[in-house]
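Chemist: next come a sequence and a model predicted from it.
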Protein chains: 4
Amino acid sequence: MAPRKLKIACAGLGRMGKRHALHFLNRTPRAELVAASTPDDTEIQWAKQHLEPYGVRIYKDYDEMLKQEGLEAVVIASVTTVHAEQAIKAIEANLHVLCEKPLSTSVEISQSVVDAAKKKPSLKVMCGFSRRFDDSYRDAFHKMDTGLIGRPSIFRSQTCDMLDPSGFFVAYAEFSGGIFVDCSIHDIDLALWFFGQDSRVKSVVSSGITAVQPELRKHKDMDNAVGIVEFYGGQIAYLFCSRMMAAGQDDATEIIGTEGKLTVNAQPMSNLVSIYEPTGIRREIPPHYYGRFEQAFVTEANEFTAACLDDLKLPMKLTGAVQAVKIGCALQESLNSGKKIYFDEVGRRVEKAVL
Amino acid sequence: MAPRKLKIACAGLGRMGKRHALHFLNRTPRAELVAASTPDDTEIQWAKQHLEPYGVRIYKDYDEMLKQEGLEAVVIASVTTVHAEQAIKAIEANLHVLCEKPLSTSVEISQSVVDAAKKKPSLKVMCGFSRRFDDSYRDAFHKMDTGLIGRPSIFRSQTCDMLDPSGFFVAYAEFSGGIFVDCSIHDIDLALWFFGQDSRVKSVVSSGITAVQPELRKHKDMDNAVGIVEFYGGQIAYLFCSRMMAAGQDDATEIIGTEGKLTVNAQPMSNLVSIYEPTGIRREIPPHYYGRFEQAFVTEANEFTAACLDDLKLPMKLTGAVQAVKIGCALQESLNSGKKIYFDEVGRRVEKAVL
Amino acid sequence: MAPRKLKIACAGLGRMGKRHALHFLNRTPRAELVAASTPDDTEIQWAKQHLEPYGVRIYKDYDEMLKQEGLEAVVIASVTTVHAEQAIKAIEANLHVLCEKPLSTSVEISQSVVDAAKKKPSLKVMCGFSRRFDDSYRDAFHKMDTGLIGRPSIFRSQTCDMLDPSGFFVAYAEFSGGIFVDCSIHDIDLALWFFGQDSRVKSVVSSGITAVQPELRKHKDMDNAVGIVEFYGGQIAYLFCSRMMAAGQDDATEIIGTEGKLTVNAQPMSNLVSIYEPTGIRREIPPHYYGRFEQAFVTEANEFTAACLDDLKLPMKLTGAVQAVKIGCALQESLNSGKKIYFDEVGRRVEKAVL
Amino acid sequence: MAPRKLKIACAGLGRMGKRHALHFLNRTPRAELVAASTPDDTEIQWAKQHLEPYGVRIYKDYDEMLKQEGLEAVVIASVTTVHAEQAIKAIEANLHVLCEKPLSTSVEISQSVVDAAKKKPSLKVMCGFSRRFDDSYRDAFHKMDTGLIGRPSIFRSQTCDMLDPSGFFVAYAEFSGGIFVDCSIHDIDLALWFFGQDSRVKSVVSSGITAVQPELRKHKDMDNAVGIVEFYGGQIAYLFCSRMMAAGQDDATEIIGTEGKLTVNAQPMSNLVSIYEPTGIRREIPPHYYGRFEQAFVTEANEFTAACLDDLKLPMKLTGAVQAVKIGCALQESLNSGKKIYFDEVGRRVEKAVL
């Protein structure tokens, strides 16, 4: 008898939703995509063409989908504003949940998902920080973990998007939580991974500019920003996020230890081709985040599926997703106030540095 | 109704056979692996564990497998010596065929597959030159094809395996056809791709050494060799093949045109990690061919499947596989005779250069 | 008649002093090293052997040296604590001055050199920021200056020394002014160069750790630190400095503009050699600052000489050296206080951000 | 008393002659350029402006120059056709000689220089293979020499010039000896260095095309060529030379040993700058040979000077220069005849391979 497959549904069929749906449909052998939901008519049409023929039932209403007979898990790729609500509903319906990052742009709401998940310890509830599933990051983590660079001490990471001349990201900024919550959240999660999931933030401070889109300021956002995050225990993460890269997606990370350093993607490239031409030697880089991390998303789908089917431990704790949002929100606040923000050892805001 | 899938069987479950079987089972959504055959008991055991539970029927006898009801295609990954025979039998059974390279180490036997395929023009019969499906090679080809480097003129390519200290390749050399037929066949196929499928060879000459395994000479083989292939029309390919790389699989290609140059994998790497340590900055490279080309094999499986289902043109002609063997065998002959070998414009051996 | 040469003396014959003396003796065709001074007996011995035979007069006393007949210029490479005093004395003796960085670890004392220089407008007085003379930095500046990357907006730069296991830098920290004044001063100067010499600092904030040398704290210093410098006009520089690199000197800079990005030394290397070995592919990097910037120091000597002989404009203003110390000192202060420091538009310290 | 300097003259003030003259004038502290000669009036004018003011005496006649009182050495940078004659005259005048490569495009004439030098064993006579003085090549040689890559076995090297659209090199081909003697001579010399100065050639074979300048054929030359050189002892060098690079000077070398591989300049670059722009990431490469090897020429001048003054052993034997021309000429002959050329163990041409 063929081993059973995880029956999963996909909520949201926007850009990332379509990708998640197809990953579970075609590239996750142990999963069976059985349903998908979206309130958007255009997306419904897409689903009828690309999913329905393969036995995927299409819903306009998320709540209806949750009732589908035999459903075991949901991947949530809808707009950020409904992530938490949909995740909690799924948990309450006894479904495993893979939720796109962030759980919410609010720390409290993010925490509410953790609280819901705690009540159902048998469920797998994961916030999808895709880089955790990237081969290069995993290799770097493994090398660090085996002591290759001594004690990790300084962490530099950047998430830099190619400039979208349409300026779509200005409207998007109204709901994104800001550049630190939308982009740097990945780098913050990586810092928590490399420094240890239970690292406690001591302070954050940030600065930013609007070099190409001054209108971002009406949403209290910037198009380029840098930040410093201090942790209790003597580690520092420093971050850069940008919306104006010329060449493409430029995401790089360095982990500096007492005995060595690891870099991930310090020399971005689309593939292994170099072009020699009159202006020099050139290589291309991926235009978008998905171009860099496609395989990581597929691995994420497969590992989440295996964790649900085999009751395996997830690669990261859900509480980390709240911690990441907390740091991201504090960096975004500092960006606008111009002030450094301090936390005590149990995570409460305090007025000045704990020395 | 779900779109139908291609019912395919896998012949041979050695190292590459297992991979092909799993690619068609798990990573080729439009294919259904329905059967697999191997005369080897250990491989049968593996198949019972990894394939049978998913509905794959296991055969000890290839001929029996061909009779399976509904079978539409075969991927042949058995030992090279039976490639041609199995391919011809499958063609005669009206099955599409994806055959691992080379069709045979003999030009005549390779040609017999082409002849068999000609009689069944509706069948898709492809020799699996995996690099044709690699993203980087495709990108390079596309850039050349759109004129980025002018007229391609000089082609350099190498297939260099990591040294296997067990010396397995010495015994293997008895049947491999020699290093030019076993390794450089890929580079020769690439040359035919980049210079044009109908390029006609004018001369070949080669030299080699046994730097690490003198016993190879009993099989008329070497562990390192270089060769030059001249084509009518004024192009030259020069090749290097080796069995003694220290760092890992080191396969690189350059295409030099009148207005630019393209390189593929001139800087090999396993992933995007760099390691800074007291001895300098280091990156790792894939230990084996599959580490470099895994994704290309998966793409190959998917595109072959699509070609069969949708009656699409295959990306390369089967005759090219004969031409590649012909050039590989001539290089291997020159390696042993120390002489340059000449061909006239219709492909016949001649005694001296056609000027 | 042979064109005349600039008669120059070298003050200080420590590590950098020896190098400067030899550069002017052997690698600056238009200069003639005529004198050198040092209070240190070992250095005197070295000078008697390596300089005196070539007609260089050796002094134990700096003031005596200044009186040497015909002397036209002094390169000051003594300990930082006497830079300013020696520079002022030379200026008062009507000598051109090339002073190693920093002028002083104190803003006020640095300013006193500027004040002295102002009174002798015919003299060339330059603080030796060596990177301004490096081919790669100059190429990057030129490319930016011609508009290749649009408007420069974000600047990232790091000065990271190889770990000296002797811990010499702990004792050195007593007088160095701290890691931001000693190391990052170069990066700060670069930021002022790329953003414009008259850029006005708006705020600084920094954080640091003692990962390998906790004793540094007794000198109010750290072994790793990061900082953010905001400028009026909407530019940001962010910096990293470290004393614990494993692989060697790791100095890198990025200039991010609205239409592109330039990097300098993002992939450090000693030379053009790569080593393929069982652990992967490796390249070495320079162990020390001089290994990276030797040629820049030679160019500096030659251009300073030409400026003196031909009355050319120096490549940078002396006031920039004071501005660099001011920013470095503020970063060092923030490192210890944990507080962000604000400046108004005319450069005065203020209590909070000017919004 | 100041240590004495080597009094040297420069013969020829063309492109390379000017550079040699200036290197000895300004960048070779232990040498004193005292004379220069050229039959060309324009070059004489240049010399009067750039050399004469510094005490360099200018001659129209080489023989006259040799008589100058106190002259100790000559650097010969005149046209190749007079290299040997001028070198022999200088040797007979008891002068040390640094002669630009090649000694001659004829093996016999090259040998005549060696014969002349043998009669004056106290003189330093060197053929200027500049790459022997390049830091990267030296580092690679040193690493190989200490056993890092085991026994060197395969050597790949290329000398590839940027396309000169003026086609100057067509006229130049009449006297250059052809692309293998003009360009690959450097690679051949490197092969002799890395495989051992006394390596004996066993066979050569080559192929070429005229991709951009068909007129080269009237001088029996090509614009792109590849060659294979077998040595007794089981080593192989394979070479590529080209006149049509788009990006700039592209000279690269690989030394493949039984336990590792070294590459030199496999990733060419002008400096340490990378440019991120909408078409990707780009770096520039040197447009000309001198851009790549300037510092090597300066080191050559300094080491030749030291060898003369201190009676040190030169870094390579003069006989190697004859061996390099012999191999280069044989490759050039094979290029035109289309035939492989064989040598016996004592270096005589034979009709077929010695097996």
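Modeler: Happy to help now that I have it.

Chemist: quick check: closest non-adjacent residue to the residue lying farthest from the centre of chain A.
Modeler: If you look at how far each residue of chain A sits from its centre, by C-alpha atoms, centre = their mean, the farthest one is A:P278, at 39.9 Å. Sequence neighbours aside, D:A246 is the residue nearest to A:P278 in space, at 5.1 Å (criterion: C-beta to C-beta, 6 or more residues apart in numbering or on different chains). In short, each C-beta sits where N, CA and C put it, glycine included.

Chemist: count the residues that sit near the one you found.
Modeler: 23 (other C-beta atoms under 10 Å in any protein chain shown).

Chemist: before we move on, back to that, give the contact list for the residue farthest from the centre of chain A.
Modeler: B:260, D:246-247 (C-beta atoms under 8 Å, 6 or more residues apart in numbering or on different chains).

Chemist: swap in A:S207?
Modeler: A:S207 touches A:225-227, A:335, A:338, C:203, C:228, C:230, C:236, counting by C-beta under 8 Å, 6+ apart.

Chemist: quick one: least confident of those residues?
Modeler: Lowest pLDDT of the contacts of A:S207: A:G338, 94.

Chemist: pretty sure that one is touching C:I228, no?
Modeler: No. Shown here, A:G338 and C:I228 do not form a contact pair, counting by C-beta atoms under 8 Å, at 11.2 Å.

Chemist: what is in contact with those two at once?
Modeler: A:207, C:203.

Chemist: ok, stretch A:309-325 near chain B or not?
Modeler: No. If you take C-beta under 8 Å from any C-beta of the partner chain as the test, stretch A:309-325 misses chain B, and the best it gets is 13.9 Å.

Chemist: end-to-end on that stretch?
Modeler: Here the two ends of stretch A:309-325 are set 29 Å apart, with distance taken as C-alpha to C-alpha, to the nearest Å.

Chemist: give me the mean pLDDT for that stretch.
Modeler: Averaged across stretch A:309-325, the pLDDT comes to 96.

Chemist: now the residue nearest the centre of chain A: how far from A:M316?
Modeler: For chain A, A:F129 is the residue whose C-alpha lies nearest the centre (C-alpha atoms, centre = their mean; 3.6 Å). From A:F129 over to A:M316 the distance is 7 Å, taken as C-beta to C-beta, to the nearest Å.

Chemist: what's the answer for A:L216, then?
Modeler: Distance from A:L216 to A:M316, by C-beta to C-beta: 31 Å.

Chemist: so the two - more neighbours on which side?
Modeler: Each of A:L216 and A:M316 has its neighbours counted (other C-beta under 10 Å); A:L216 has more, 23 against 16.

Chemist: so which bits of stretch A:152-164 are buried?
Modeler: Judged by neighbour count (16 or more other C-beta atoms under 10 Å in any protein chain shown), stretch A:152-164 contains these buried residues: A:152-163.

Chemist: give the contact list for A:Y342.
Modeler: Contact partners of A:Y342, counting by C-beta under 8 Å, 6+ apart, are A:202-203, A:349-354.

Chemist: mind checking the SS state of it?
Modeler: Look at A:Y342: counting by DSSP: H, G, I helix; E, B strand; the rest coil, its state is strand.

Chemist: can I take it that A:I236 is in a helix?
Modeler: No. In this structure, A:I236 is strand, not part of a helix, as judged by three-state DSSP.

Chemist: identify the residues contacting it.
Modeler: A:153-155, A:228-230, C:207-209, C:224, C:226.

Chemist: ok, now A:E215?
Modeler: A:167, A:170.

Chemist: same check, this time on the one 10 residues further on
Modeler: Contacts of A:A225 were listed using C-beta under 8 Å, 6+ apart, and they are A:179-180, A:184, A:206-209, A:240-242, A:331, A:335.

Chemist: adding secondary structure, write those residues out as CSV.
Modeler: Shown next, in CSV, are the contacts of A:A225 (three-state DSSP):
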residue, secondary structure
A:I179, helix
A:F180, helix
A:S184, coil
A:S206, strand
A:S207, strand
A:G208, strand
A:I209, strand
A:F240, strand
A:C241, strand
A:S242, strand
A:L331, helix
A:L335, helix
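
Chemist: any idea which helix is longest in chain A?
Modeler: helix A:289-310 (DSSP state H).

Chemist: what parts of chain A come near chain B?
Modeler: Applying C-beta under 8 Å from any C-beta, we find that chain A lies next to chain B at A:1-3, A:25-27, A:29, A:53-55, A:135-136, A:139-140, A:143, A:148-149, A:259-268, A:270-278.

Chemist: and chain A, what are its domains?
Modeler: In terms of domains, chain A is parsed into A:6-128, A:135-288+A:323-350 (source: automatic domain parsing).

Chemist: first vs last residue of the first one, how far apart are they?
Modeler: Distance between the boundary residues of domain A:6-128 (C-alpha to C-alpha) amounts to 18 Å.

Chemist: what's the answer for stretch A:120-140, then?
Modeler: End-to-end for stretch A:120-140, by C-alpha to C-alpha: 33 Å.

Chemist: what residues does chain A have near chain D?
Modeler: A:245-248, A:250, A:267-270, A:275-285.

Chemist: restricted to strands, list the residues you listed.
Modeler: A:245, A:275-277, A:280-283 (DSSP state E).

Chemist: if you rank those by neighbours, which is first?
Modeler: Tallying neighbours with other C-beta under 10 Å puts A:Y276 at the head of those, with 27 neighbours.

Chemist: quick one: contacts for that residue?
Modeler: For A:Y276, the contact set (C-beta under 8 Å, 6+ apart) comprises B:149, B:260-263, D:245-247, D:250.

Chemist: nearest spatial neighbour of it, skipping sequence neighbours?
Modeler: B:K261 (3.8 Å).

Chemist: I'd assumed the one you found was in a strand, is it?
Modeler: Yes. Looking at B:K261 with three-state DSSP, it is inside a strand.

Chemist: surely it meets D:A246?
Modeler: Yes. Contact criterion C-beta under 8 Å: B:K261 and D:A246 qualify, at 6.7 Å.

Chemist: which neighbours do these two share?
Modeler: A:276, B:149.

Chemist: mind checking how far A:A307 is from B:F133?
Modeler: 32 Å.

Chemist: typed the wrong thing, it's A:E108
Modeler: Taking C-beta to C-beta, one finds A:E108 at 50 Å from B:F133.

Chemist: for A:G167, same thing?
Modeler: In this view, A:G167 and B:F133 are 38 Å apart by C-beta to C-beta.

Chemist: for A:W46, same thing?
Modeler: Distance of A:W46 to B:F133, given as C-beta to C-beta: 28 Å.

Chemist: what about these two, which has more around it?
Modeler: B:F133 (21 against 18).

Chemist: which stretches of the stretch 1-150 of chain A form strands?
Modeler: A:6-11, A:31-37, A:57-59, A:73-76, A:96-100, A:125-128 (DSSP state E, counting those that start in this stretch).

Chemist: thanks again, I'm all set now.
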